[in-house]
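> Take a look and give me a structure for this.
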Amino acid sequence: MVPNEHERLRREWMELAPQWIREARAGGDVARQGLLDEYTLAACGDVQGLRILDSGCGEGRFSRLLVQRGAQYVLGVDNCPPMIEAARELQSGTDQYILADVQDLSFLEDASFDLAVSYLNHCDLQDFAANVREVYRVLKEQGRFVVVNIHPMRSAGGSWHRDSRGEKEYVMLDHYFAEGERHFTMKGLPVTNFHRTLSTYVRSFLGTGFTLEDVIEPTVSPENVARFPELADELRVPNFIIFLLKK
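Take a look at the predicted model:
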């Protein structure tokens, strides 16, 4: 990655971090609370006694969920200093947090983790394939990698087409094969994500040596729509995708 590009992306997250941390301390954003947490924890399975890598851990919310479910050790890695500082404020003796770039995990030993999780992090990485290779290296044989990502159908940048009354009719999809940066606003601040096609992701996983065990397209339950009405669109379009990989 070009140094100034690396710093630009990191600076965006440093500016976003205070709001992100406050929201996480309040339980996390609605999509995670009402949709993705349930699916991601199910994909991780029984974590009792496992050594787990949380790749792109943010302020550590999901790492702490894994600790609560009996993980032996969770290592969170993130490249945003305020996020790591916040994660360390709530760490127990079971979780640890390191400030580092998940595209280079050379400080970690080969075959040292049972499970790795990337929870909405690949979409933030300029070189997600570097992270895939590094995670493969640090996983034990038969180790699993749970990748939660923005669905490529949505990261392409499709917006809602609305009728004359402003009601949503359908999502417009265009420029799907034009991979690269996508710019949008989150919590009032500019954020950069990266769009790739579904085939680009899958070929990277398989080319690295992973077996693709399952692909999950999460949708919201009626109960959670009742709790979080703003998630109703999840019944209509695939906003997220989860890949279950095995070494």
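> ok but Glu15 is inside a helix, no?
Yes - in this structure, Glu15 lies within a helix as judged by DSSP: H, G, I helix; E, B strand; the rest coil.
> Look up which residues are beta-bridged to the nearest residue to it once chain neighbours are set aside.
Nearest residue to Glu15, sequence neighbours excluded (Cβ to Cβ, 6 or more residues apart in numbering): Leu189, at 5.6 Å. Glycine gets a C-beta too; all of them are placed from N, C-alpha and C. Beta bridges link Leu189 to Met186, judged by DSSP bridges.
> Might you report the residue contacts of Leu189?
The contact partners of Leu189, by Cβ atoms under 8 Å, 6 or more residues apart in numbering, come to Glu12, Glu15, Leu16, Gln19.
> Could you tell me the model confidence score at the last one?
Read it as Gln19. Looking at Gln19, its pLDDT is 92.
> and what of the third one?
Turning to Leu16, the model gives it a pLDDT of 91.
> which non-adjacent residue is nearest it?
Leu189 (5.2 Å).
> how far away is that neighbour from Met172?
Shown here: Leu189 relative to Met172, a distance of 25 Å by Cβ to Cβ, to the nearest Å.
> which SS state does the residue lying farthest from the centre of the chain fall under?
The C-alpha centroid of the chain is most remote from Ser164, which lies 35.8 Å away (Cα atoms, centre = their mean). Secondary structure for Ser164, judged by three-state DSSP, is coil.
> So, low pLDDT: which residues of this protein?
Counting by pLDDT under 70, the chain shows low-confidence ranges at 1-3.
> go again using 80 as the cut-off
Scanning the chain for pLDDT under 80 picks out the ranges 1-3, 5-6, 27-28, 157-158, 186.
> which residues touch whichever strand in it runs longest?
In the chain, assigned by DSSP state E, the strand with the most residues is strand 139-150. With contact meaning Cβ under 8 Å, 6+ apart, strand 139-150 is reached by 36, 39-40, 43-45, 111-120, 122-123, 132, 135-136, 193, 201, 205, 210, 213, 239-247.
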